[in-house]
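A.B. asks: A predicted structure for the sequence below; I have some questions about it.
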Amino acid sequence: MKQQNKIFIITTCILVLCKCQIFANVFTKSQVDTINCSISKMQVLYYYPSDKRNDSRIKTGTFKCLGKEFTLESPDWLDEVVPSMLENKVWRDPATGTLTEAQIWQMVFAAVYAFLELNTKSFTKEEGGAGIPPSFLVKEYSDLNSRLEVAIDRLYRARLADSMQGRGRSLMATLTLMFRQFDSIMIAISREDNKQFARSAVVFSDLSQNAFAQMFKKPRQDKKLRKVTKIETLFPVFLSMIAVAAFFMSVFFYFGKKGKGFQKVSTDFIEKFKKWTEDFNRQFLKVKVEFLVFVPIIFCSLLGVLTASILGFFIFFAIGVFIGLKTPKFILELLKNRRGKKTDTQLMDGLILLSNSLKSGMDIVEGFKMVSQDLSPPISEEFGLVLKNYQLGTPFEKALEGLNDRVDSQLVDYFVKAIILQRQVGGNLTKIFSRIVSNIREESKFQDKTKALTAQQKIQSVVVGIMPWILTGIMFMFQKEAMIRFYTTFIGLVVLVFCVFWLIMGMLLANKIGKVRV
């Protein structure tokens, strides 16, 4: 019997302790005052954007916060803004129907008020509550969380940032913070951590009072950006052009003082132009070399002017001068190589025609005439030019050497040397041509096989040279500002020069590996 009494007493103590733990005070006295103050303010704030704002209780609100009473007059700007808010229909929903701007704001304030009012159920009976722990109100808090989320989302989707003379933007930011605070409130409820819940609820209440205070502050005014005039836009370009003109004038006066030096430089430049023009004429091409030189210089100079930087202009100008001086020689070598390859493909037909003409009793000059008449350019043009030079008094051997200089071809070199040796020491030229034809056939087969075997190395050299620039261009498309910031620094320029150098070395090495002399 005594043992049963002991068990009963212990069980009763445990139940009492559990009940005390469950129904212990959630909020302190100061926290209760803060929540009650927030409830009063949100109740008044709910009626601000409505036609009841002129009610005496709303017009002059009396609040009791932290034991002190104070009175606030509703802001004057409401009388200017609210009538248009009541008529401005900004939302259409199948469930709620058409909503005005004022109604959307009221729904948000009502959700905040409902949360604050729900907290009072956890107050003790002495404080006006029911003493219900927050963990018993999980469903109610969850429903309010969804309700507040929908209300705030409707604010953003209705684009009410400029509402209430621009106060909507700051209010929306504060309401978003309040919604984020709801996450910590729900976590505290799930863990039955009353202290954490009380702290989070008080933070939510403070944010709601901040939202109320924003109604009495002036809205943030964005400074209008001054429109930039065309003169201000073109002024840096104008300064750059003046700097460019000053540079050219200084160079002109410098060489002008030197006299002979300037004249020598200009004479050498003119002679180089004449040589390039003559080389193009020897390839049966009429090209204005001035365009090849000055177009890259002018184009790069314009790019330099667009940078609106003296350093940028000089860099682009130097690049333009380098490209302009290298372009004629590059194009000349390219055309010469291309013409030589075409001549190689026609040389075997020309040798067969020469051999047949020699067998029929003609001399070498008449054979050249037949080739120039019967075959197509470029070999007909080259053989015809040899005949013209010979007819104008040039020795035939010298005319053949001119052919060898004009055409970049190893087979033509063999052909010319064979004729010159035969004319100097004698021999059967027909058999020499037959052997050259057979050698050309075997060599062409070997060249085709070599090209097939080295095609991979040539493609690799092209890929090595092109892919880094393609990737850099893609990076510029997606991260333009970051790439410009990096490559305009000293380290960025060093990296760029380093990469360009090793790219060129890689291309040359890969090209060298795939290049086989036959």
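C.D. replies: On my side now, so go ahead.
A.B. asks: show me the contacts for residue 29.
C.D. replies: With contacts defined as C-beta atoms under 8 Å, 6 or more residues apart in numbering, residue 29 has no neighbours. Bear in mind the C-beta positions are built from the backbone N, C-alpha and C, glycine included.
A.B. asks: secondary structure class for residue 352?
C.D. replies: Assigned by DSSP: H, G, I helix; E, B strand; the rest coil, the conformation of residue 352 is helix.
A.B. asks: can you pull the contacts of it?
C.D. replies: By C-beta under 8 Å, 6+ apart, the contact set of residue 352 is 433, 437.
A.B. asks: Roughly how far does it sit from residue 445?
C.D. replies: According to C-beta to C-beta, to the nearest Å, residue 352 stands 17 Å off from residue 445.
A.B. asks: Could you do residue 134 as well?
C.D. replies: From residue 134 to residue 445 the distance is 93 Å (C-beta to C-beta).
A.B. asks: which SS state does residue 242 fall under?
C.D. replies: Under three-state DSSP, residue 242 falls in the helix class.
A.B. asks: could you dump stretch 410-424 to PDB, C-alpha only?
C.D. replies: The C-alpha trace of stretch 410-424 is given here as PDB (Å, rounded to 0.1, in the frame of the first residue of the first chain):
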ATOM      1  CA  GLN A 410      60.600  23.500-107.800                       C
ATOM      2  CA  LEU A 411      59.500  21.600-111.000                       C
ATOM      3  CA  VAL A 412      59.900  24.800-113.000                       C
ATOM      4  CA  ASP A 413      63.400  25.200-111.500                       C
ATOM      5  CA  TYR A 414      64.300  21.600-112.700                       C
ATOM      6  CA  PHE A 415      62.800  22.400-116.200                       C
ATOM      7  CA  VAL A 416      64.700  25.700-116.600                       C
ATOM      8  CA  LYS A 417      68.100  24.300-115.400                       C
ATOM      9  CA  ALA A 418      67.700  21.300-117.800                       C
ATOM     10  CA  ILE A 419      67.200  23.600-120.800                       C
ATOM     11  CA  ILE A 420      70.100  25.900-119.800                       C
ATOM     12  CA  LEU A 421      72.500  22.900-119.300                       C
ATOM     13  CA  GLN A 422      71.400  21.300-122.600                       C
ATOM     14  CA  ARG A 423      72.100  24.600-124.500                       C
ATOM     15  CA  GLN A 424      75.500  25.000-122.800                       C
END
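A.B. asks: Report the residue spans of the stretch 351-500 of the chain with pLDDT below the cut-off.
C.D. replies: 427 (pLDDT under 70).
A.B. asks: which residues of it fall in helices?
C.D. replies: 364-374, 379-391, 396-406, 410-425, 429-478, 480-487, 490-513 (DSSP state H, counting those that start in this stretch).
A.B. asks: Out of these, flag the one nearest residue 33.
C.D. replies: helix 480-487 (51.7 Å; C-beta to C-beta).
A.B. asks: Which other helices and strands does the closest one contact?
C.D. replies: Using 3 or more C-beta pairs under 8 Å, 6 or more residues apart in numbering; DSSP states H and E as the contact definition, the elements that helix 480-487 packs against are helix 429-478, helix 490-513.
A.B. asks: will you turn these into CSV that also has mean neighbour count and distance to residue 280?
C.D. replies: Below are these laid out as CSV (neighbours: other C-beta atoms under 10 Å; distance: least, C-beta to C-beta, whole Å):
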stretch, mean neighbour count, distance to residue 280
helix 429-478, 13, 28
helix 490-513, 13, 26
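A.B. asks: I'd like the ones you listed laid out as CSV, including distance to residue 75.
C.D. replies: Shown next, in CSV, are the helices and strands packed on helix 480-487 (distance: least, C-beta to C-beta, whole Å):
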stretch, distance to residue 75
helix 429-478, 47
helix 490-513, 54
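A.B. asks: Quick one: closest of these to residue 44.
C.D. replies: Across the helices and strands packed on helix 480-487, closest to residue 44 is helix 429-478 (C-beta to C-beta), at 50.9 Å.
A.B. asks: and the angle from that closest one to helix 490-513?
C.D. replies: Relative orientation of helix 429-478 versus helix 490-513 (axes from the mean of the first three to the mean of the last three C-alpha atoms, to 10 degrees): 150 degrees.
A.B. asks: Tell me the gap between helix 429-478 and the middle of its chain.
C.D. replies: Helix 429-478 sits 35 Å away from the centroid of its parent chain (C-alpha atoms, centre = their mean, to the nearest Å).
A.B. asks: Same check on stretch 295-305?
C.D. replies: The chain centre lies 24 Å from the centre of stretch 295-305; the measure is C-alpha atoms, centre = their mean.
A.B. asks: And for stretch 412-422?
C.D. replies: For stretch 412-422, the distance from its own C-alpha centre to the chain's C-alpha centre is 59 Å (C-alpha atoms, centre = their mean).
A.B. asks: And for stretch 98-117?
C.D. replies: 44 Å.
A.B. asks: Now do the buried residues in that stretch.
C.D. replies: The neighbour-count criterion (16 or more other C-beta atoms under 10 Å) identifies 99-113, 115-116 as the buried residues of stretch 98-117.
A.B. asks: Dump that stretch to PDB, keeping only the CA atoms.
C.D. replies: In PDB, the C-alpha atoms belonging to stretch 98-117 read as follows (Å, rounded to 0.1, in the frame of the first residue of the first chain):
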ATOM      1  CA  THR A  98     -10.900  42.200 -59.300                       C
ATOM      2  CA  LEU A  99      -8.800  43.900 -56.600                       C
ATOM      3  CA  THR A 100      -7.800  47.500 -56.300                       C
ATOM      4  CA  GLU A 101      -4.400  48.800 -55.200                       C
ATOM      5  CA  ALA A 102      -5.700  49.600 -51.700                       C
ATOM      6  CA  GLN A 103      -7.300  46.200 -51.300                       C
ATOM      7  CA  ILE A 104      -4.000  44.400 -52.000                       C
ATOM      8  CA  TRP A 105      -2.200  46.400 -49.400                       C
ATOM      9  CA  GLN A 106      -5.000  45.800 -46.900                       C
ATOM     10  CA  MET A 107      -4.700  42.000 -47.400                       C
ATOM     11  CA  VAL A 108      -1.000  42.100 -46.600                       C
ATOM     12  CA  PHE A 109      -1.600  44.200 -43.400                       C
ATOM     13  CA  ALA A 110      -4.500  41.900 -42.400                       C
ATOM     14  CA  ALA A 111      -2.200  38.900 -42.700                       C
ATOM     15  CA  VAL A 112       0.400  40.600 -40.500                       C
ATOM     16  CA  TYR A 113      -2.300  41.600 -38.000                       C
ATOM     17  CA  ALA A 114      -3.600  38.000 -37.900                       C
ATOM     18  CA  PHE A 115      -0.200  36.700 -37.000                       C
ATOM     19  CA  LEU A 116       0.300  39.200 -34.200                       C
ATOM     20  CA  GLU A 117      -3.200  38.500 -32.900                       C
END
